[in-house]
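S.K.: I need the structure of the sequence given here:
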Amino acid sequence: MKVKELPRILIADDMDLNREAMRDLCVILGYDPILVDSGQAALDAMEETPPDLVLLDIMMPGMDGYVVLDRMKANDQLRSIPVIVISGVGQISSVVRCIQKGAVDYLHKPFEPILLRARIEATLDKKRLRDREESYRLRIEEEKKRADDLLHAIFPKEVVNELKMTGEVKSQRHDDVAVLFCDVAGFTPYCESLAPEAVVSHLQEMVETLETISRNHGLQKLKTIGDSFMATCGLLQKEETPVINCIRAGFEMVEVVPSLKAGWKVRVGINVGPVVAGVIGKQQYLYDIWGDTVNTAARIEQHGVTGAVNLSEKAWQQSGGKFPGVTLGRIRVKGKQEMDIYRLYDPAD
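M.R.: Numbering: from 1, shown residues only. As a prediction, this is how the structure comes out:
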């Protein structure tokens, strides 16, 4: 069973009789008193272990109580500690000065034990309430951060900002967006030969790798569908060369994925054109894109060469001849007329 800690009360007074009288009262009330005889000793004790309350004398040698209050107010760790001033200085100006410097109460010496007890208990009750409120506030901030992190894990930051500002994400048309699909060759037979846990582990490693490659080349990952990885360039942030960025990312994907644990080979298909982007549904929704540009990119990947980057004719034209390549000829694909598919070669090879 955890032992409940007693409230710690720091008593700072240069007179032995005063310190002892306040100590005896604290012990009777069930508190843990810490006694010091100077202003500097009080600050040192507070910085070592912050107390729940300070009973502070004003007239002390070396550093008086006014300076202690100033130092506490200037210290982020000490400024919230409540201070009751107990002083023989009776002028109202001293009371005002201490309250202005942050003291919560002011009693004159010789103090009345019953009154001091009431002030101590009231001050500690307020501190407990304030500490509880601060604990709730921190918990709310933590929950807000967790929710914010989750939103950023699901959506691009631009979409998160729109969602926070308007409470919705409006569908929009975006022109000249490069779409990349990266898919594992022979994935179904591979799944049949391994336990599901091993397949998922290998998929996790591959997707994390593809995410890093995409980010390094200015691509935005949108989603995974089984073993298929989908990313875009030029969707939410304008890029001068979206197709070039996708090609360079594709070359790296083709090179790196076979070196992972599963040893998979991948096909990469790239197309460019207009898309419509937005969020649909009310449950487990995600940010997605639609349109012929997306469908064509998927077909290019499916009919492309394994272990290579494959382009549509439009993407090939936008590549500007920066990469050597050959056409695979006119290929009939599902839902489309015959189309040219271009297989690129990495100039670095």
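S.K.: please make it C-alpha for all contacts and neighbour counts, starting now.
M.R.: Will do.
S.K.: for the protein, what spans make up the helices?
M.R.: 16-29, 39-48, 65-74, 92-100, 113-154, 157-166, 187-193, 196-216, 242-256, 292-303, 313-318 (DSSP state H).
S.K.: Throw the ones you listed into TSV and include distance to Val85, mean neighbour count and mean pLDDT, thanks.
M.R.: Shown next, in TSV, are the helices of the chain (distance: least, Cα to Cα, whole Å; neighbours: other Cα atoms under 10 Å; pLDDT from 0 to 100):
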stretch	distance to Val85	mean neighbour count	mean pLDDT
helix 16-29	12	15	92
helix 39-48	13	17	94
helix 65-74	8	19	94
helix 92-100	8	14	92
helix 113-154	11	13	88
helix 157-166	47	14	79
helix 187-193	75	12	82
helix 196-216	59	15	93
helix 242-256	68	22	96
helix 292-303	73	22	92
helix 313-318	77	18	93
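S.K.: need those helices in TSV (columns: distance to Ala348).
M.R.: Output for the helices of the chain, formatted as TSV (distance: least, Cα to Cα, whole Å):
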stretch	distance to Ala348
helix 16-29	79
helix 39-48	61
helix 65-74	60
helix 92-100	72
helix 113-154	34
helix 157-166	34
helix 187-193	28
helix 196-216	17
helix 242-256	10
helix 292-303	22
helix 313-318	18
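S.K.: closest one to Gln337 among the ones you listed?
M.R.: helix 292-303 (10.9 Å; Cα to Cα).
S.K.: CA atoms only: put that closest one into CSV for me.
M.R.: Extracted in CSV, the C-alpha atoms of helix 292-303 (Å, rounded to 0.1, in the frame of the first residue of the first chain):
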residue,chain,number,x,y,z
ASP,A,292,-8.9,8.4,-65.1
THR,A,293,-5.4,9.5,-64.1
VAL,A,294,-5.5,7.2,-61.1
ASN,A,295,-7.0,4.2,-63.0
THR,A,296,-4.4,4.6,-65.8
ALA,A,297,-1.5,4.7,-63.3
ALA,A,298,-2.8,1.4,-61.8
ARG,A,299,-3.1,-0.2,-65.3
ILE,A,300,0.5,0.9,-66.2
GLU,A,301,1.8,-0.8,-63.0
GLN,A,302,-0.1,-4.0,-63.7
HIS,A,303,1.0,-4.3,-67.3
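S.K.: what is that helix packed up against?
M.R.: strand 172-184, strand 266-279, strand 309-312 (3 or more Cα pairs under 8 Å, 6 or more residues apart in numbering; DSSP states H and E).
S.K.: burial-wise, tell me which of those strands comes out on top.
M.R.: Of all the helices and strands packed on helix 292-303, strand 309-312 has the most neighbours on average by mean count of other Cα atoms under 10 Å, namely a mean of 30.
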